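Peer 1: What follows is a protein structure lacking sequence information:
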């Protein structure tokens, strides 16, 4: 958490040279984070509350208190700083997402995940963008250019399925779990890449050539960023496999993994690529190769340390959003035209619902074409769950919105202020509502009994332990499954390639000479 | 590491509004850190090189390169910032030191560790201070007031025994290992507290009353800081024991431990106590109680994650020192009077040697009085090793020196410049020389065979596994040992108290209802 702290510290150091102020606010923030973790835990039993919601609420009330104590001057103790989000908060979140992906499951559901995560995100991006262009011009929101509308599209195509994943039961509905999880992580990357591509894109005059150029830019970003991430990931695997042969040191291994992951992100940023995408795939590769080359202790430590970072970063973001929800500056504008604000929020919410529905059901149909065996097919009820799972908007949306519509936390234009307030509103609504309704919805839709049976069947085939953390998913059934099944084919050839060329060089399960022993230097 | 990065980032952001600069330097720094870890590992076999030395050297050469590329403008890519050291680098180092202390071993050698760590540090502090007052006034160093001299005393009473600990063999010489380690951690805290006490102390007119007031201040700082740290540590243990009963989540547990440790530090800073001492004892208590209340995964993760943080923070500091060693600004002054600089460095080095000799041998004699059994007594050769072990000066010294003699990395006065350059020189010398000679010295002094036998004896008694990481040291032999032995008496009564009152409330080994199971929320 310290790295977030540091930033506030400095920000405040800049704001007020008086040192105590910053120490105060760091202390307060650490305290609030503790509170979020504790209360989040206490409310875990009642599944309708997630850390995110708790953080939002705590942040909100802290905001009120600060507002009162500062006599309405400010509602937050730190100014938004996009570096804070994009260099210190987002990387751990995305890296951890990638690190938790198990390639096996990824490939087992490759087609569906790709369709939902990439194609789907683009569809919902287009719908939200064009929809907002359509509707917002009727409201007098203040000047928003095309770039803003497309940015909105990217902002609201980034889903946050954590809340659903907490409710979904891996054992009862493994296919569903791996689909929702898989989409979630790919979607994060896609929407950020879209966002960046849009920023670079000249929207003044849209021609077909122009659009092609945009698509080219998007593809270029996607491919090069991915390649860089994979390269650094493989490098880390190779280094640890070669250098650490014989004597392993957990401290060094963890340090190296963290540093190289962060390095991949920074290099990508230097080269104007998508650091998010890079660090995501770096995480994927690290968990597939590097993770198997390190000591048992390093494995456990890396799993949990990275998860904890990501966890804290997310709480931090929600805490900040909660506080910022009351920011006078923004509401001043919004309250000048309350109706506009409500309308904007409503429109965005509607577009989110529509945009997601517009791709989940068609793409599920397509995905089912690639799934020969009946037990694999994605049923309609499951499609509804997938649709619902992606309605929540979270950290990434907020980060993108602030990045686009504020200048270091300040909003000068009414239009921007309303965009921010609407984003916050949508995030609050979707999270609270989502938190409240997800469990009953899923329970009513998926009859556990029938599904647990179903899952037995499918898990016997290959769908058990989707994207599991402990990497213990067995490899025995690698060649089973219908060869006509696209997913199997893809996974089959991947495995051939992986076993023949990759693993011998970069290690990975079953290719580490001997269970490495730990000999910590300290 | 990110939190260090963030700071550079901001510093540079302040220096040059151009964003790429900062991204560049973060990337460079991450790369250098990777290099340190890797090269440090490669050179590990040849024990004469430690990460610290590697980092110093790499930083040094990077400094040269930067110097050349920036045409002699600057030798480092970040400005020193004392917040960076005191809020983000030191806490993880000290917390980890405390976290690795096993209370059992701590009490087993309580008298000796206390004598070396507290009394010893004060003696060497006085010798260095008074010595420098004596000698420096002969050199025309430029104006240094009493406060500066006493600060020097504190700076150079902070030892860094990492290098020796890497060479000492826990199995061969357990007593020696636990003494050196124990002194090392207590000494860090003591010297920082001394440093702070000095800062607060009015040196304009020293009267006996004044000195008493200083001692009072020192004791007050020591006691209150310790109390606060213990309190927060116990609180964390209590919370995790109570709230997490039944269902544990590693992510939350780790997050909570990190946050509460950091919280204790920040609160101490708020109350003008010694955050370092607080977080140190918070670490001690956490490893004695909290650590036993968390899941197996959390135990492994916390051990290694905290060690890794500390490890990275130290490398970072040495890397920075290496770069800063070439800082024009400082050498400009120093080169104006090269002889003065050399003399100053030599004097300080001499005082360090003397100051340490002046307490190790007398205090060892005193300590031996409390050790009845012959096998326990600290032999003369062992005393020499203990003396040598504490000659290295490291991260803490540097941090204190920069804090005292620079203003956000800049030095205006010649005196200060020379103090900084001398400090860097002493750190470089002691680390390189120490790194080179420690292993041969120890090998020549302690005949492994005789000592491994000796250790067998003593380890059969109680000295095995000194301050071990895995907390597996057995408790069966708790009541063995000579009741006349002060250490045993202290430890005996502590155990009675601990078992009767503390553990039932705060958990700890053997008092956790059942090996907690992990149910990660994500």
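Peer 2: Yep, it's here. Predicted, not measured: the structure shown is a model, and the values here were computed from it.
Peer 1: For the rest of this, base every contact and every neighbour count on C-alpha atoms.
Peer 2: Will do.
Peer 1: Which residues of the stretch 201-350 of chain A lie near chain B?
Peer 2: Neighbours of chain B within the stretch 201-350 of chain A, by Cα under 8 Å from any Cα of the partner chain: A:243, A:250-252, A:254-256, A:259-260, A:262-263, A:266-267, A:269-270, A:297-298, A:300-302, A:304-305, A:307-309, A:311-312.
Peer 1: After the helix or strand containing residue A:184, which helix or strand is next?
Peer 2: In the assignment (DSSP states H and E), residue A:184 maps to helix A:174-200. Under the assignment DSSP H and E, the closest C-terminal helix or strand after helix A:174-200 is helix A:208-243.
Peer 1: Report all helices and strands that that following helix contacts.
Peer 2: Contacts defined by 3 or more Cα pairs under 8 Å, 6 or more residues apart in numbering or on different chains; DSSP states H and E place helix A:208-243 against helix A:174-200, helix A:250-270, helix A:275-285, helix A:291-293, helix A:503-506.
Peer 1: now with 10 Å?
Peer 2: Under the contact criterion of 3 or more Cα pairs under 10 Å, 6 or more residues apart in numbering or on different chains; DSSP states H and E, helix A:208-243 touches helix A:174-200, helix A:250-270, helix A:275-285, helix A:291-293, helix A:503-506, helix B:19-42.
Peer 1: Which positions in that helix come out as buried?
Peer 2: By 16 or more other Cα atoms under 10 Å in any protein chain shown, the buried positions in helix A:208-243 come out as A:214, A:217-218, A:221-241.
Peer 1: returning to that earlier point: model confidence over the helix holding residue A:184, on average?
Peer 2: Throughout helix A:174-200, pLDDT has a mean value of 81.
Peer 1: and if you look at stretch A:251-262?
Peer 2: 91.
Peer 1: Equivalent analysis for stretch A:109-128, please.
Peer 2: Stretch A:109-128 comes out at a mean pLDDT of 88.
Peer 1: Straight-line length of that stretch, end to end?
Peer 2: This stretch, stretch A:109-128, spans 27 Å end to end (Cα to Cα, to the nearest Å).
Peer 1: now it, how far from the centre of its chain.
Peer 2: The chain centroid and the centroid of stretch A:109-128 are separated by 14 Å under Cα atoms, centre = their mean, to the nearest Å.
Peer 1: One more: stretch A:387-402?
Peer 2: Stretch A:387-402 has its C-alpha centroid displaced from the chain centroid by 8 Å (Cα atoms, centre = their mean).
Peer 1: Then stretch A:344-352?
Peer 2: For stretch A:344-352, the distance to the chain centre is 21 Å (Cα atoms, centre = their mean).
Peer 1: Would you agree residue A:29 is in contact with residue A:323?
Peer 2: No. Residue A:29 is beyond contact range of residue A:323, at 11.1 Å (criterion: Cα atoms under 10 Å).
Peer 1: what about these two, which has more around it?
Peer 2: Neighbour totals were compared for residue A:29 and residue A:323, and residue A:323 leads with 28 against 24 (other Cα atoms under 10 Å in any protein chain shown).
Peer 1: Could you find the residue nearest the spatial middle of chain A?
Peer 2: Compute the mean C-alpha point of chain A, and by Cα atoms, centre = their mean the closest residue is residue A:188, 4.4 Å away.
Peer 1: if you average pLDDT over the helix or strand harbouring residue A:349, what comes out?
Peer 2: Element membership of residue A:349 [criterion: DSSP H and E] is helix A:338-369. When pLDDT is averaged along helix A:338-369, the result is 87.
Peer 1: Now the phi/psi pair for whichever residue of the stretch 251-400 of chain A sits closest to chain B, please.
Peer 2: Residue nearest to chain B within the stretch 251-400 of chain A: residue A:301 (4.1 Å; Cα to the nearest Cα). Main-chain torsions, residue A:301, degrees, to the nearest 10: phi -60, psi -50.
Peer 1: Just give the number of residues close to it.
Peer 2: Taking other Cα under 10 Å as the definition, residue A:301 ends up with a neighbour count of 24.
Peer 1: can you tell me which residues contact the spatially closest residue to it that is not a sequence neighbour?
Peer 2: Nearest residue to residue A:301 in three dimensions, chain neighbours excluded: residue B:301, at 4.1 Å (Cα to Cα, 6 or more residues apart in numbering or on different chains). By Cα atoms under 10 Å, 6 or more residues apart in numbering or on different chains, the residues touching residue B:301 are A:297-305, B:250-251, B:254, B:295, B:307.
Peer 1: So which of the residues you listed are in helices?
Peer 2: Taking DSSP state H, the ones among the contacts of residue B:301 that sit in helices are A:297-305, B:250-251, B:254, B:307.
Peer 1: which residues touch residue A:195?
Peer 2: Contacts for residue A:195 (Cα under 10 Å, 6+ apart) come out as A:125, A:147, A:150-155, A:157-158, A:189, A:201, A:218, A:274, A:400-401, A:404.
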